[in-house]
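Colleague: Here is a sequence together with a model predicted from it:
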Amino acid sequence: MSVGNIYKDKPMFGLDIGSSTIKVMQINSRKNGLQISGYGATQFDPSYTENGVITDLEGMAKSIKSMFDNDLIGHITTRRVAMSVPTSRTYSRVLTLPKLSNKELTEAIHLEAEQYIPVPIDDLYVDFDAIGENGENYDYFLVAIPKTIVDSYMQLGEILGLEIAVLETSMNASSRLVSQSEEINTPALFVDFGSVSADLTIYDGKPIVTGTVPGGGATFTQIISQKLGVNERIATTIKSKYGLGVSKKQKEVTEALEPALTSLTKEIKKMLRYYEDKTGGKKTINQIVTLGGGANMPGLNDFMTSELRMPTRMCHPWTHISFGKLQPTSDVEKTMYVTVAGLALIDPKEVWK
């Protein structure tokens, strides 16, 4: 039996390192559906990372070990892990190329990457995937990640005694969860609100175009705190309870957040135009799906629907995943597990194709 066959059914768990929070989750397939066997989260000192690179490996390793010892609900039954890298620290682009041999294709991809990416190609790990035909040519989705980021993750895995089977962008992981939990039969745009930025992805059967815009849940809290002259605890309450919805604070909150939200909607419009131009007007986006912690803010989806003149709704991906006998987290806290759940849903067989 080959090594590939041995590992096809070996389980994996997801490990997501955010800007200040670590999340872990393992999901197993049961006869009656998908069930979480273990999950947990903890905070870490943001100084442990810099520009996506884990600079304090020992500090990060201690935080993760502490989470497994003290904050894990249920059980993680494997040391084989799928990890995410921040989408904002990666480079992606759709390339259109003629039919080429494997060697020619790799060379062409690297030449294109050198033109479009403002980082020396020798400093990047480059990967690509065919996403469809384009007339007589083919479209490829290119992703490049700085070697310093990937190497720091691999070193962390060695310290923890983990076998890193997969590294993928956080937005790819989130897109997997959304696409498996909802019927996305037409092209859609996903907006994943993190704590300090929002990742954008045009999804058409698979991620096609990605981008990142500054401004997430923590950013909104800071803006409300500064503009309304309240501390961050009160600002968090205002954001989560009232947000942009109808309240005595609606006008103040809307005026405070409008610059950040306008920047977001402008970037979304650019991506929509790019996609329509790329497809020659044959395909259009007709829905926007929001996810992540920042998407919980009341009134946000209504604001985006109005500004973009397109239906915008929040994704509820947990209807097909059971917590079994485990104590489930609150509905609000579930949003922070979107990326790690997407990692946990990777089919081990796909890794060894």
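Modeller: Received it, and whenever you're ready, just let me know what you need. Computed from a prediction, not measured in an experiment: that's the story for all the values here. Numbering: from 1, shown residues only.
Colleague: can you pull the buried residues of the longest helix seen in the chain?
Modeller: Determined from DSSP state H, the single longest helix within the chain is helix 250-278. Residues of helix 250-278 classed as buried: 253, 256-257, 260-261, 264, 267-268, 271-272, 275, 278 (neighbour count, 16 or more other Cβ atoms under 10 Å). Where you see a C-beta, it was placed from the backbone N, CA and C, and this is true even at glycine.
Colleague: can you tell me which of the residues you listed lies nearest to residue 81?
Modeller: Set against residue 81, the nearest of the buried residues of helix 250-278 by Cβ to Cβ is residue 271 (31.2 Å).
Colleague: so where do the helices sit in the chain?
Modeller: 3-8, 57-66, 102-116, 147-160, 170-181, 217-228, 232-241, 250-278, 300-308, 331-334, 338-344, 348-351.
Colleague: does residue 344 really touch residue 16, like I thought?
Modeller: No - using Cβ atoms under 8 Å, residue 344 is not in contact with residue 16; the gap is 9.5 Å.
Colleague: Looking at the two now, which is surrounded by more residues?
Modeller: Taking neighbours as other Cβ atoms under 10 Å, residue 344 and residue 16 compare with residue 344 leading, 31 against 27.
Colleague: could you point out where the stretch 101-250 of the chain is predicted with low confidence?
Modeller: In the prediction, the stretch 101-250 of the chain carries no residues with pLDDT under 70.
Colleague: and residue 211, how far is that from residue 94?
Modeller: In this view, residue 211 and residue 94 are 12 Å apart by Cβ to Cβ, to the nearest Å.
Colleague: and if you look at residue 32?
Modeller: 39 Å.
Colleague: Tell me which of the two has more neighbours.
Modeller: residue 94 (19 against 8).
Colleague: Report the contact partners of that one.
Modeller: Counting by Cβ atoms under 8 Å, 6 or more residues apart in numbering, residue 94 makes contact with 131, 139-142, 208-209, 278.
Colleague: now do the same end-to-end measure for stretch 331-343.
Modeller: The straight-line separation of the ends of stretch 331-343 (Cα to Cα, to the nearest Å) is 20 Å.
Colleague: Ok, stretch 240-249 next?
Modeller: For stretch 240-249, the end-to-end distance is 12 Å (Cα to Cα).
Colleague: Residues contacting it, please?
Modeller: 228, 238, 250, 253-254, 257, 296-300, 302-303, 332.
Colleague: show me the contacts for residue 87.
Modeller: Contact analysis of residue 87 by Cβ under 8 Å, 6+ apart lists 169-172, 199, 210, 212.
Colleague: same thing with residue 294?
Modeller: Per Cβ under 8 Å, 6+ apart, neighbours of residue 294: 193-195, 198, 216-217, 220, 300.
Colleague: so the residue nearest to it when sequence neighbours are not counted bridges to which residues?
Modeller: Leaving aside its chain neighbours, residue 294 sits nearest to residue 193 (2.8 Å; criterion: Cβ to Cβ, 6 or more residues apart in numbering). Counting by DSSP bridges, residue 193 forms beta bridges with residue 198.
Colleague: Next, count neighbours for residue 193.
Modeller: The burial count for residue 193: 28, using other Cβ under 10 Å.
Colleague: any idea how far residue 99 is from it?
Modeller: 40 Å.
Colleague: same thing with residue 67?
Modeller: Here the criterion is Cβ to Cβ. By it, residue 67 lies 48 Å from residue 99.
Colleague: Pick out whichever of these two has more residues nearby.
Modeller: Comparing residue 67 with residue 99 by other Cβ under 10 Å, the one with more neighbours is residue 67, at 19 against 10.
Colleague: so who does the spatially closest residue to the more buried one that is not a sequence neighbour touch?
Modeller: The shortest distance from residue 67 to any non-neighbouring residue, by Cβ to Cβ, 6+ apart, is to residue 42 (4.0 Å). Residue 42 makes contact with 21-22, 63-64, 66-67, 70-71, according to Cβ under 8 Å, 6+ apart.
Colleague: Hmm, residue 256 is touching residue 229, no?
Modeller: No - applying Cβ under 8 Å, one finds residue 256 not in contact with residue 229, separated by 10.7 Å.
Colleague: Who is residue 36 paired with across the strands?
Modeller: residue 27.
Colleague: can I assume it is in contact with residue 27?
Modeller: Yes - the criterion here is Cβ under 8 Å, and residue 36 meets it with residue 27 at 5.5 Å.
Colleague: Between the two, tell me which one has more neighbours.
Modeller: residue 27 (25 against 22).
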